[in-house]
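> just to be clear, the model below is a prediction. Sequence and coordinates:
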Amino acid sequence: MPSYANRYISSLTRETYALILAGGRGSRLHELTDWRAKPAVYFGGKHRIIDFPLSNCINSGIRRVGIATQYKSHSLIRHVNRAWGHFKKELGESVEILPASQRYGDEWYCGTADAVFQNMDIIRHELPKYVMILSGDHVYCMDYGGLLAKHVETGADMTVCCIEVPCEEAADTFGVMTVDESNRVRRFDEKPAEPTSVPGKPGTCLASMGNYIFNTEFLFEQLKKDAETEGSGRDFGHDIIPAIIEEHNVFAYPFRDSNTDGQPYWRDVGTLDSFWEANMELVMPEPQLDLYDPKWPIWTYQEQLPPAKFIFDDDDRRGMAVDSTVSGGCIISGSKVKKSLLFSNVYVHSFCEIEESVILPGAKIQRNCRIRRAIIDRNCEIPAGLEIGYDHKADKENGFRVSKKGIVLVTRDMLNELAKKLKQQEQDNKRLA
């Protein structure tokens with residue numbers, strides 16, 4: 001028989017509506033988000049970033065979810081419809097796309113708070129007691145039941161989910177909170193240049209994860225007030241939270257591992273370096289993010305693909321992968337793959353060496369290529385004999401982007417420009433001959 005605690009939390013999740021903010025461009029990912037929103041970026045061999053907050057909702061028992069989209073949302077919408085379109089509204093469950101549609105004026109979504117404000121009538125129709133607002137561009141596994149229970153227990157009007165991060169990492173990037181001994185928020189600074197350290201932990205600050213819980217009517221009151229405030233940026237971090245912490249009950253909820261009380265896995269994969277590093281962590285023997293955990297599955301859309309295939313076993317032509325993750329539909333033909341992550345339908349032709357690289361779906365690597373510490377975008381075809389990641393000066397001359405930490409990004413547009421450049425050079429050489 002279910003325990004009282006479980007039934008109590010399940011009743012809270014049934015009374016909750018989750019709104020995932022998934023309209024961000026993710027400009028720090030550069031060309032990787034030229035044609036897709038950040039939540040639609042691929043991650044972990046089979047998934048997209050949006051799958052993590054969605055899976056957290058479903059696994060937590062929250063089955064009424066809206067997804068606010070805006071920037072170049074076609075691939076995101078297509079993925080959500082394929083992977084998450086099977087829920088039955090008549091059973092009280094749904095995952096709905098909420099594109100910016102100028103419901104309350106002539107503007108598109110002008111900030112995180114405005115994205116919620118413009119969907120108030122849709123939220124109100126669901127009659128939730130609590131509204132959970134989630135960032136759509138972070139990778140982590142979290143049971144939101146404990147967060148909901150703590151929100152109710154503290155009598156909070158708003159609860160901000162937070163995590164401890166190094167001050168250097170949080171500077172100019174995350175909202176940073178100062179809390180008292182009961183975790184009530186006393187100060188909130190949005191992306192400060194010099195974050196305030198946690199007492200007793202110099203160099204560490206309490207950063208907002210961009211996840212909030214509101215009592216529904218309180219949320220509506222604050223959104224209406226903010227919409228009428230001239231000069232507001234219509235943003236939770238910049239405007240809503242600083243305006244309410246003095247007169248209302250705003251609490252922080254530290255994200256902790258319930259078993260060890262340690263720091264759980266959470267990644268903001270907002271830069272090329274952090275995206276590459278987070279994917280590389282998954283090929284470790286025992287990664288902190290366990291995608292193989294049957295108790296907390298990360299749901300996604302998966303094509304029906306054949307198993308990965310490794311062919312040829314000659315001394316100079318052996319198809320093999322070591323310390324790597326290789327998805328379905330891949331063919332490694334007489335090449336070596338080491339410490340890399342290959343998404344679905346990647347074809348590596350013979351005599352190639354790939355090391356510490358992230359290869360997105362549908363990429364084709366022609367013969368005699370050497371690739372190291374790179375991100376190869378979807379459906380790229382790497383021409384035969386090309387070296388990537390060994391000479392950054394050459395990489396830049398080829399039109400590829402090299403990150404601060406030396407990770408090389410290659411996209412189809414870059415390869416097209418390189419092909420034009422090489423063709424022009426060939427024509428020029430013929431004229432001079």
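Looks like it arrived, so ask away. Quantities reported herein were computed from a predicted structural model and do not represent experimental measurements. Residues are numbered from 1 along each chain as shown.

> over to I241: give its phi and psi.
Dihedral angles of I241 (phi, psi; degrees, to the nearest 10) stand at phi -60, psi -50.

> kindly report the same for I371.
Per-residue torsions, I371: phi -130, psi 130 (degrees, to the nearest 10).

> quickly list what it is bridged to.
Applying DSSP bridges to I371 gives these bridge partners: I354, I388.

> per-residue confidence at it?
On pLDDT, I371 comes in at 98.

> wait, it touches A363, no?
No. Taking CB atoms under 8 Å as the definition, I371 is not a contact partner of A363, at 10.1 Å. The way it works is simple: take the backbone N, C-alpha and C, and place the C-beta from them, glycine included.

> can you tell me the closest non-neighbouring residue to A149?
Sequence neighbours aside, I9 is the residue nearest to A149 in space, at 5.6 Å (criterion: CB to CB, 6 or more residues apart in numbering).

> now swap in Q263 and tell me
Closest to Q263 by CB to CB, 6+ apart is E164, at 6.3 Å.

> my read: the one you found touches S208, true?
No. E164 is beyond contact range of S208, at 11.6 Å (criterion: CB under 8 Å).

> and those two? which has more neighbours close in?
The neighbour comparison of E164 against S208 (other CB atoms under 10 Å) goes to S208, with 25 against 16.

> nearest spatial neighbour of that one, skipping sequence neighbours?
G175 (3.8 Å).

> now for that neighbour, how many residues are close by?
G175 has 24 nearby residues by other CB under 10 Å.

> show me the shaky parts of this protein.
1-6, 102-106 (pLDDT under 70).

> and the longest strand anywhere in the chain, what does it pack onto?
Secondary structure assigned by DSSP state E gives strand 204-215 as the longest strand of the chain. Other helices and strands packing on strand 204-215, by 3 or more CB pairs under 8 Å, 6 or more residues apart in numbering; DSSP states H and E, are strand 130-135, helix 144-153, strand 158-166, helix 167-170, strand 175-179.

> okay, the angle between the helix or strand following that strand and strand 158-166?
Next along the chain after strand 204-215, taking DSSP states H and E as the criterion, comes helix 216-227. Counting by axes from the mean of the first three to the mean of the last three CA atoms, to 10 degrees, helix 216-227 points 80 degrees away from the direction of strand 158-166.

> what lies in contact with helix 216-227?
Residues outside helix 216-227 that contact it (CB atoms under 8 Å, 6 or more residues apart in numbering) are 17, 104, 113-114, 116-117, 120, 123-124, 128-131, 157-158, 214, 232, 234, 239-240, 243-244, 248.

> what ranges do the helices span in the chain?
4-14, 51-60, 74-84, 112-117, 120-126, 144-153, 167-170, 216-227, 241-244, 272-281, 392-397, 412-432 (DSSP state H).

> just send the helices and strands packed on strand 204-215 back as a markdown table, with distance to P254 too.
Output for the helices and strands packed on strand 204-215, formatted as a markdown table (distance: least, CB to CB, whole Å):
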| stretch | distance to P254 |
| --- | --- |
| strand 130-135 | 17 |
| helix 144-153 | 10 |
| strand 158-166 | 6 |
| helix 167-170 | 15 |
| strand 175-179 | 9 |
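
> buried deepest among these, which one?
The highest mean neighbour count among the helices and strands packed on strand 204-215, using mean count of other CB atoms under 10 Å, belongs to strand 130-135: a mean of 24.
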